[in-house]
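[1] need a 3D model of the sequence below.
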Amino acid sequence: MRHSYFVTAMVFTAWIIVTVGCLKPKAPVYYDFVNFKIDSIGKVQSVVSAELKYFNPNNYNLQLKQGEVDVYLNQKLAGHSVLDSMILIPKKDTFYLPVKMRVNMSAIFSNALNILLNNEMDIKLQGKAKVGRSGIFMNLPILYEGKQRIPL
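    Got it, this is the predicted structure:
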């Protein structure tokens with residue numbers, strides 16, 4: 001009789017650990033982009049880099065295994081970026097993701113006057129990231145839309 005209670009308690013404890021440990025993590029929250037720089041300029045395409053500042057709202061560390069994002073400037077696709085290196089994301093803290101991408105210059109030129117007059121533009125980030133912990137990874141959507149001040 002005692003043996004069956006012990007086995008039941010062990011199964012229940014294992015079930016709780018697996019259930020709590022496998023909860024889907026909350027998506028990181030986008031804050032800002034910093035350290036923006038133009039690496040090369042071309043007539044058709046340019047290469048830019050920046051760091052995207054995020055906050056991890058989870059009570060545990062995460063690992064970002066890979067990610068990709070489309071960047072829209074004033075509703076026009078400006079570029080695509082792929083991140084394929086492992087990054088440790090600290091719990092309840094901010095972290096930075098390095099981004100480097102080729103930018104379609106027609107999207108920049110069509111928005112140039114608006115950028116100069118307003119020093120801001122609508123930015124949309126849309127993509128996915130493979131995030132996880134303890135070797136278990138899942139795809140989380142990346143979606144941010146908002147106004148972004150452009151440092152000139």
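
[2] quick one: the helices in this structure?
    Along the chain, the stretches classed as helices by DSSP state H are 2-21, 105-118.

[3] where among those helices is average confidence lowest?
    Among these, helix 2-21 has the lowest mean pLDDT, at a mean of 53.

[4] all strands for this protein, in order.
    For the chain, the strands defined by DSSP state E occupy 29-40, 45-55, 62-73, 76-83, 87-89, 94-104, 120-133, 136-149.

[5] restricting to C-alpha, output the last one in CSV.
    What that stands for is strand 136-149. Extracted as CSV, the C-alpha positions of strand 136-149 are listed here (Å, rounded to 0.1, in the frame of the first residue of the first chain):
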residue,chain,number,x,y,z
ILE,A,136,13.8,22.3,-25.8
PHE,A,137,13.2,25.0,-28.4
MET,A,138,10.1,26.4,-30.0
ASN,A,139,9.4,29.1,-32.6
LEU,A,140,8.0,32.3,-31.2
PRO,A,141,6.6,35.0,-33.4
ILE,A,142,8.4,38.4,-33.6
LEU,A,143,6.0,41.3,-34.2
TYR,A,144,6.5,45.0,-33.4
GLU,A,145,4.9,48.0,-34.9
GLY,A,146,5.5,51.6,-33.8
LYS,A,147,7.1,54.9,-34.4
GLN,A,148,10.9,55.0,-34.2
ARG,A,149,12.9,58.2,-33.8
